[in-house]
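Q: Have a look at this fold, sequence not included:
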């Protein structure tokens with residue numbers, strides 16, 4: 001059973017290679033543009049897309065290399081990178097939306113705590129200040145000179 005799994009993976013890989021190589025450079029460029037547009041939308045929703053944008057730049061360089069050298073290997077690497085970025089976009093959007101919600105919660109909490117602290121200081125500040133002053137300086141003795 002364990003020996004069958006690598007054989008099946010090899011067969012799947014070999015059968016998928018012709019479909020990867022049959023794609024032209026123009027198809028790869030249009031797919032890259034599509035993924036880039038999706039990445040821009042994810043950035044608009046608050047996602048951090050820096051690493052994925054760098055990966056797309058690397059894929060673009062590989063497509064240019066495949067265009068100039070007619071290298072199917074660099075084209076397949078570029079397509080695998082683009083697929084990896086495309087698959088990571090939903091997770092990035094989810095993280096961006098979560099980060100935006102957390103920023104709103106932190107902002108609301110900060111404003112609320114500031115208002116509550118201001119009210120408490122307004123009402124109890126003088127009383128606490130004078131009681132501390134009396135504790136610290138209450139046992140002083142004044143001499144006549």
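A: Everything's here; your move. Nothing here was measured: the structure is a model prediction, and the numbers come from that model.
Q: Now the residue nearest the centre of the chain, what are its backbone angles?
A: The geometric centre of the chain, computed from its C-alpha atoms, lies nearest to residue 48 (CA atoms, centre = their mean), at 3.3 Å. Backbone geometry at residue 48, expressed as degrees, to the nearest 10, gives phi -90, psi 110.
Q: wait, it sits on residue 98?
A: No - at 11.5 Å, residue 48 and residue 98 do not qualify as touching, with contact defined as CB atoms under 8 Å. In short, each C-beta sits where N, CA and C put it, glycine included.
Q: now the helices: where do they sit in the protein?
A: Across the chain, reading from the start of the chain, the helices by DSSP state H fall at 4-22, 25-44, 50-69, 72-137.
Q: Can you add mean neighbour count, distance to residue 144 and mean pLDDT and give the ones you listed back as CSV?
A: CSV is the format used below for those (neighbours: other CB atoms under 10 Å; distance: least, CB to CB, whole Å; pLDDT from 0 to 100):
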stretch, mean neighbour count, distance to residue 144, mean pLDDT
helix 4-22, 10, 101, 52
helix 25-44, 16, 77, 91
helix 50-69, 16, 75, 91
helix 72-137, 13, 19, 93
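Q: Need these in a markdown table (columns: distance to residue 143).
A: Output for the helices of the chain, formatted as a markdown table (distance: least, CB to CB, whole Å):
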| stretch | distance to residue 143 |
| --- | --- |
| helix 4-22 | 96 |
| helix 25-44 | 74 |
| helix 50-69 | 72 |
| helix 72-137 | 15 |
